[in-house]
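Asker: Any chance you can model this:
(one chain, ligands or ions: 1)
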Amino acid sequence: MRTSAYTGPLPVRLPDGSRLELGTATASYQIEGAVAEDGRGPSIWDTFTERPGAVRDASSGETACDSYHRWREDADLVAGLGVEWYRFSIAWPRVVPAGTGAVEPRGLDYYDRLVDGLLERGVKPTATLYHWDLPQPLEDAGGWLVRETAEAFADYAAVVAERLGDRVGAWATLNEPWCAAYLGYAAGVHAPGRREGGAAHRAAHHLMLGHALAAERLRAAGPCDVGVVLNLAPIWPETTGEAGADAVTDAIDALRNRVWLDPLVDGAYDEGLLAVAPELGDTDLVHPGDLEAVQGSADWVGLNYYTPVRPTPAAGGAAHPEGGAYPGAPAFDLVVREPITDIGWEIDASGLEELVRTTAERTGLPVLVMENGAAMADAKVADNVVDGVVDDQDRVAYLSDHLAATRAARDAGADVRAYVVWTLLDNFEWAEGYTKTFGLVHIDSSDQARTPKASYHWVAEVAREARG
Ligand code: FCB
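Answerer: Residues are numbered from 1 along each chain as shown. Predicted structure coming up:
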């Protein structure tokens, strides 16, 4: 199995908790480009981005940050930050282009080189197996609405573990299954862009089943720590006591939080959730043993946090556009309070502190903050660029407050072990295209030149202090 020149300590696993480790994250489709190179098959994002109107600036990940070719430079940037972790994702269609069957060795070689390159630079590689780039042939066969996709995911996980499991010991199976299931199959604003209403609950179940089956295969390949990365949210009802308000709050909490945590912790879908998502009670969908397989299947829980959710019943049926992402929930609106980032998301670091504490309590598992960061206007505002460097003090303030919130949760006793910044590079931000920038590093789209922003230097300073 081993092809690597790396001879350091193996494997890299979950931080031991003695201190908070720092990192930064990216995702394959958002940075790699090279979508037709070295045998990579098409993914649902290649297809979806061709649909008129799907992406704000009609762009795609075809070139993105060209990290497929420039990964050495990007690994240098991570090393220059001085953080412990680089969380990257593996593109399923590079490794198993048709989703099942033949393995593409050149795809595996790419991640092999990347993992070695990180280790040589003293960075721990942490891999996510699914950050939304489903092979298109699997979508054509039903996508996450069918059970076979979960089974195919486990087979792909085994292939990757066989090749990289000696050096990657901390695995994230899925990134944000809420987005994959509900933005993808209910709201239709992410790939594959389907509006299937309650059928999207089938995707939610198959995603968590896929996580559990993949976790089994990863563990069978060798010692490792396996987790799942969830975009759970603190739900802060804007209205209470009014008719329908509690039902709205409960439905949103059910679909955003409990649909993932309940099977993971209790091995069951709770009654309130089943009332919103009766599909999850269907025995054709949930086979005997499924929920037991999911229960206890994670060694840690990853949290991606950006903003709190403040629901209120929709006045006169004027429902929020995101309403489609909560099939079965009563009509609601979402209130967003100032201040907000450039993508319109409310800034409130106390939401992260609350979420870390409640998730640690609910699961009893170590928590890793696997994404947190801010879209800021950056170079769009001329005054923000000083001597050719983006002086993103607004992002520095966001990160500083959220890191402090993570530390506060830790001080309050929550077992939180890592804080990972989203993201290293300005990149393809899904349905927003290249219009929203979250990066610590600015990219000039004309020549792909990478220039660290003030926030990059700030993270580097924090990492230096943390190492002592
Ligand atoms: C998360 C995604 C990540 C990025 C950030 C802004 O939902 O996991 O890829 O788009 O939001």
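Asker: Tell me the secondary structure at residue 352.
Answerer: Under DSSP: H, G, I helix; E, B strand; the rest coil, residue 352 falls in the helix class.
Asker: Residue 306 now?
Answerer: Applying three-state DSSP: residue 306 is coil.
Asker: Just to check, it is in contact with residue 372?
Answerer: Yes - with contact defined as Cβ atoms under 8 Å, residue 306 reaches residue 372; the gap is 6.9 Å. In this view, the C-beta of every residue, glycine as well, is placed from N, C-alpha and C.
Asker: What distance do you get for the nearest residue to residue 345 once chain neighbours are set aside to residue 32?
Answerer: Nearest residue to residue 345, sequence neighbours excluded (Cβ to Cβ, 6 or more residues apart in numbering): residue 307, at 3.9 Å. Counting by Cβ to Cβ, to the nearest Å, the gap from residue 307 to residue 32 is 27 Å.
Asker: Then residue 165?
Answerer: 22 Å.
Asker: more neighbours, those two?
Answerer: Using other Cβ atoms under 10 Å as the criterion, residue 165 and residue 32 rank with residue 32 on top: 29 against 25.
Asker: Contacts only, for the more buried one.
Answerer: Applying Cβ atoms under 8 Å, 6 or more residues apart in numbering to residue 32 gives the contacts 61, 64, 65, 66, 67, 68, 91.
Asker: With residue 433 instead?
Answerer: By Cβ under 8 Å, 6+ apart, the neighbours of residue 433 are 55, 56, 57, 58, 59.
Asker: Return the subset of these lying in helices.
Answerer: Judged by DSSP state H, helices contain none of those.
Asker: Columns neighbour count on top of these, output as a markdown table?
Answerer: Below are these laid out as a markdown table (neighbours: other Cβ atoms under 10 Å):
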| residue | neighbour count |
| --- | --- |
| 55 | 22 |
| 56 | 14 |
| 57 | 12 |
| 58 | 12 |
| 59 | 17 |
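Asker: Just give the number of residues close to the closest residue to the ligand within the stretch 1-150 of the chain.
Answerer: With Cβ to the nearest ligand atom, the shortest gap between the stretch 1-150 of the chain and the ligand falls at residue 27, namely 4.7 Å. Using other Cβ under 10 Å, residue 27 has 26 other residues around it.
Asker: ditto for residue 91
Answerer: By the criterion of other Cβ under 10 Å, residue 91 has 29 neighbours.
Asker: Residue 186 now?
Answerer: 25.
Asker: Per-residue pLDDT of it, please?
Answerer: As predicted, residue 186 sits at a pLDDT of 96.
Asker: ranges for the helices of the stretch 1-150 of the chain?
Answerer: Taking DSSP state H, counting those that start in this stretch as the test, the helices found in the stretch 1-150 of the chain are 28-31, 44-48, 67-81, 92-95, 105-120, 136-140, 147-164.
Asker: The third one to helix 105-120, inter-axis angle?
Answerer: It refers to helix 67-81. 10 degrees (axes from the mean of the first three to the mean of the last three Cα atoms, to 10 degrees).
Asker: With only the CA atoms kept, save helix 67-81 in CSV.
Answerer: Output of helix 67-81 as CSV, limited to C-alpha atoms (Å, rounded to 0.1, in the frame of the first residue of the first chain):
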residue,chain,number,x,y,z
SER,A,67,-4.6,24.3,-7.2
TYR,A,68,-4.4,20.9,-9.0
HIS,A,69,-1.3,22.4,-10.6
ARG,A,70,-0.3,24.9,-8.0
TRP,A,71,-0.7,22.7,-4.9
ARG,A,72,3.0,23.1,-3.9
GLU,A,73,2.6,26.8,-3.7
ASP,A,74,-0.6,26.3,-1.7
ALA,A,75,1.1,23.8,0.6
ASP,A,76,3.8,26.4,1.1
LEU,A,77,1.1,29.0,2.0
VAL,A,78,-0.3,26.6,4.6
ALA,A,79,3.1,25.9,6.0
GLY,A,80,3.8,29.7,6.1
LEU,A,81,0.7,30.1,8.3
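Asker: Quick one: list the elements packing against it.
Answerer: When contacts are defined as 3 or more Cβ pairs under 8 Å, 6 or more residues apart in numbering; DSSP states H and E, helix 67-81 sits against helix 105-120, strand 449-452, helix 454-467.
Asker: if we can go back for a sec, now, which of the contacts of residue 32 lie close to the ligand?
Answerer: Filtering those for neighbours of the ligand using Cβ under 6 Å from any ligand atom leaves an empty set.
Asker: Compare these and tell me which has the most neighbours.
Answerer: Within the contacts of residue 32, most neighbours by other Cβ under 10 Å means residue 91, with 29 neighbours.
Asker: wait, doesn't it sit right on residue 29?
Answerer: Yes - between residue 91 and residue 29 there is a contact at 6.7 Å, judged by Cβ under 8 Å.
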